[in-house]
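Student: coordinates for the following, if possible.
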Amino acid sequence: MAKREQSLAENIADDILAMIAIDKKFGVGDKLPNENELSSQLQISRTTLREAIRILCTHNVLEIRRGKGTYIKNDHKLTGEFGLNELSTLQLNIKDLYEMRLIFEPQSAYYAAKRGTEKELERIIYYGKRTEEAILNKEDRTEVEQAFHKSIAKATHNEFMNRLVPILYQAIGKGVLLSSTKEDMLQNTLNDHRMIMEFLANRDAEGAKIAMTLHILHAMRGFGISDD
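Tutor: Now for the predicted structure:
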């Protein structure tokens, strides 16, 4: 059965959620900008914004405090349910973590290319380029690389994939730490990310899937992890 196309308000709700969970523009407890400012920023009507806020309130992400404004209540939509929050605290070894990435992330890239909105693809490319800048400038890239992969997961429009992200973060974080002094791995990351971004920008789902597979295999081999 074909997936129902989202309404404009649902798309805006997704955009606001991404501003919270990926861009980190707002944190739990923060107040959203006022209605006029936010609707202008998102280039939508106040009616559409109100509907998007209603959707996020229904999902326990936002709450409206009478006379005070709209506040971030909870960003659980991207931080765990289905018992996965417990899994994300386990001290999994690097081999298990990368095997998990190999199972899920290539297909994630495939669906992101097929289903991602233009704005979602722009966000992926933005964080991909920021990761590249961090590598070239020899800066810590942990947060931007996590945002890159989180943006891909969000663009799949698959809720379960989104909720796996906190676990995958362990692999990304460990990978950044362990590869930071390995020039060959850093160069592979640069080349692989560029290839992933190119395929996603062209909405080439099979190409994005293959590029993500190669990216993870390169990392595994750089760490001496067998893929058999």
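Student: from residue 137, how far out is the residue most central in space within the chain?
Tutor: The chain has residue 150 as the residue nearest its centroid, 1.6 Å off, counting by C-alpha atoms, centre = their mean. Residue 150 sits 22 Å away from residue 137, taking C-beta to C-beta, to the nearest Å as the criterion. To be clear about C-beta, it is placed using only N, CA and C from the backbone, and glycine gets the same treatment.
Student: buried residues in the helix or strand harbouring residue 134, which are they?
Tutor: For residue 134, the enclosing helix or strand under DSSP states H and E is helix 118-136. Buried residues in helix 118-136, defined by neighbour count with 16 or more other C-beta atoms under 10 Å: 120-121, 123-128, 130-132, 134-135.
Student: tell me what that helix is packed against?
Tutor: When contacts are defined as 3 or more C-beta pairs under 8 Å, 6 or more residues apart in numbering; DSSP states H and E, helix 118-136 sits against helix 8-21, helix 94-115, helix 142-155, helix 183-201.
Student: reformat the ones you listed as CSV; add mean pLDDT and distance to residue 218.
Tutor: What follows is those, written out as CSV (pLDDT from 0 to 100; distance: least, C-beta to C-beta, whole Å):
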stretch, mean pLDDT, distance to residue 218
helix 8-21, 84, 28
helix 94-115, 90, 11
helix 142-155, 89, 14
helix 183-201, 92, 4
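Student: follow-up on the earlier one: so the helix holding residue 134 versus helix 94-115, what angle?
Tutor: In this structure, helix 118-136 runs at an angle of 140 degrees to helix 94-115, with axes from the mean of the first three to the mean of the last three C-alpha atoms, to 10 degrees as the basis.
Student: leaving out sequence neighbours, find the closest residue to residue 120.
Tutor: Across the structure, with C-beta to C-beta, 6 or more residues apart in numbering as the measure, the residue nearest residue 120 apart from its sequence neighbours is residue 155 (4.1 Å).
Student: that neighbour is in contact with residue 118, isn't it?
Tutor: No - shown here, residue 155 and residue 118 do not form a contact pair, counting by C-beta atoms under 8 Å, at 10.5 Å.
Student: so what's in contact with these two at the same time?
Tutor: With contacts defined as C-beta atoms under 8 Å, 6 or more residues apart in numbering, no residue is adjacent to both residue 155 and residue 118.
Student: in three-state terms, label the residue lying farthest from the centre of the chain for me.
Tutor: For the chain, the C-alpha lying farthest from the average C-alpha position belongs to residue 67; by C-alpha atoms, centre = their mean, that distance is 33.5 Å. Using DSSP: H, G, I helix; E, B strand; the rest coil, the structure places residue 67 in coil.
Student: can you give me the distance of it to residue 147?
Tutor: 35 Å.
Student: rewinding a little: wait, doesn't the residue nearest to the centre of the chain sit right on residue 23?
Tutor: No - Residue 150 is beyond contact range of residue 23, at 10.1 Å (criterion: C-beta under 8 Å).
Student: need the overlap of contacts for these two.
Tutor: By C-beta under 8 Å, 6+ apart, no residue touches both residue 150 and residue 23.
Student: give me the number of residues near residue 206?
Tutor: 11 (other C-beta atoms under 10 Å).
Student: now do the contacts for it.
Tutor: Here residue 206 is in contact with residue 110 (C-beta under 8 Å, 6+ apart).
Student: check residue 22 too.
Tutor: When the contact criterion is C-beta under 8 Å, 6+ apart, the partners of residue 22 are 78, 123, 127, 147, 150-151, 154.
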